[in-house]
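K.L.:
Predicted model follows, preceded by the sequence.
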Amino acid sequence: MTGRRRWLRWVIAAAAAIVVLAVGGPFVYIHFIEGQAPAPLGLKSSTTPGAAPSATATGAGTTSNGGSAAGSVAGTWNVGTGSVVGYRVKEVLVGQNNLAVGRSHSVSGHLTISGNTVTAATFTVQMATIHSDQSERDVQFDGRIMDVSAYPTGTFTLTHPISLAPLAAVGTIKQYHATGNLTLHGHTRPVTFLLSAERTASAIKVSGTIQIAFADWSIPNPSFGSFVTTQNHGILEFLLVLSKA
């Protein structure tokens, strides 16, 4: 009888250990091995330290902030160094919440400004260059999820002009609505989203996010069995640094 009780205690202990590993393992992995996800892409005012703080305006609101007076921005502006495009997807790894983030600096494109109006813009990212901090996740992204060999690029093309009037002063971050066609996974859909823009002494910086419902672009849900589950949507985020041609 004593041996039987000892055997039962071993069974219970083993079962408890399995439960601890199933729950605690992913917790340790996410919080201590994988590390914290990168912060969302966005703009931080580049106004000279000590100057009056920049105001953030929406649409054609006031732009007074103590920055230098805005001159002409008409012309073509090309994507340059410092530009980033990527994704953010909430996932659950064996019961533990996690945030999957992938990014690429392989972005090209340009926008055209006539007077104080953005009249045209197109941007392209090479999908195979988008990487996260996990090679296994990247394999899934490149293969069954985005099939980058069949659909090597993602593109956005502006379809409605954006009025910049009144033109913001240097160092002021303003917000605008943009409408265009987004092509992912071989499918093109219209999107409208809010973006932030800032003019510096030598560049125009543009940042924003677009919510992507996977089904709208026929993108397979990133969930992987019962081990990793995700929501039915993710976030496309970008930070573009443009210099005048």
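P.N.:
It's in. Owing to the predicted nature of the structure, the values given are computational and were not obtained by experimental measurement.
K.L.:
Using the record's domain definitions, break the chain down for me.
P.N.:
Following automatic domain parsing, the chain resolves into domains at 1-35, 41-244.
K.L.:
model confidence over the first one, on average?
P.N.:
Right, domain 1-35. For domain 1-35, mean pLDDT rounds to 51.
K.L.:
burial of the nearest residue to R137 once chain neighbours are set aside, as a residue count?
P.N.:
Distances taken as Cβ to Cβ, 6 or more residues apart in numbering put A100 closest to R137, at 6.1 Å, once the chain neighbours are dropped. Bear in mind the C-beta positions are built from the backbone N, C-alpha and C, glycine included. By other Cβ atoms under 10 Å, 22 other residues sit near A100.
K.L.:
got the CA positions of the helix or strand harbouring A100 in PDB?
P.N.:
Element membership of A100 [criterion: DSSP states H and E] is strand 96-104. What follows is strand 96-104 as a C-alpha-only set of coordinates in PDB (Å, rounded to 0.1, in the frame of the first residue of the first chain):
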ATOM      1  CA  GLN A  96       0.600  33.900 -22.700                       C
ATOM      2  CA  ASN A  97       0.000  37.200 -24.500                       C
ATOM      3  CA  ASN A  98       2.800  38.300 -26.900                       C
ATOM      4  CA  LEU A  99       3.400  40.900 -29.600                       C
ATOM      5  CA  ALA A 100       4.900  39.800 -32.900                       C
ATOM      6  CA  VAL A 101       6.800  42.600 -34.700                       C
ATOM      7  CA  GLY A 102       8.500  42.400 -38.100                       C
ATOM      8  CA  ARG A 103      10.300  45.200 -39.900                       C
ATOM      9  CA  SER A 104      12.200  46.100 -43.100                       C
END
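K.L.:
Tell me which of the domains of the chain is the most buried.
P.N.:
domain 41-244 (a mean of 16; mean count of other Cβ atoms under 10 Å).
K.L.:
Give me the distance between it and the centre of its chain.
P.N.:
6 Å (Cα atoms, centre = their mean, to the nearest Å).
K.L.:
how long is it end to end?
P.N.:
This stretch, domain 41-244, spans 22 Å end to end (Cα to Cα, to the nearest Å).
K.L.:
In this structure, where is pLDDT below threshold?
P.N.:
Along the chain, the model assigns pLDDT under 70 to residues 1-35, 45-71, 94-95, 225-227.
K.L.:
Let's see that with 50 instead.
P.N.:
Scanning the chain for pLDDT under 50 picks out 16-33, 47-69.
K.L.:
Start from the N-terminal end of it and give the helices.
P.N.:
In order along the chain, the chain carries the following helices (DSSP state H): 2-28, 135-140.
K.L.:
re earlier: who's in contact with the strand holding A100?
P.N.:
Strand 96-104 has contacts (Cβ atoms under 8 Å, 6 or more residues apart in numbering) with 23, 26-27, 30, 34, 37-38, 84-92, 125-127, 129-134, 137-138, 141, 222, 230.
K.L.:
mind running it again at 7 Å?
P.N.:
26-27, 30, 37-38, 84-91, 125-126, 129-132, 137, 141 (Cβ atoms under 7 Å, 6 or more residues apart in numbering).
K.L.:
now swap in stretch 232-245 and tell me
P.N.:
Under Cβ under 7 Å, 6+ apart, the answer for stretch 232-245 is 40-41, 75-89, 107, 111, 123, 202-215, 221.
K.L.:
chain center to it, what's the gap?
P.N.:
On the basis of Cα atoms, centre = their mean, stretch 232-245 sits 7 Å off its chain's mean C-alpha point.
K.L.:
check contacts around T209.
P.N.:
Going by Cβ under 7 Å, 6+ apart, T209 touches 193, 235-237.
K.L.:
try 10 Å this time
P.N.:
Neighbouring residues of T209 by Cβ atoms under 10 Å, 6 or more residues apart in numbering: 40-42, 88, 193-196, 235-238.
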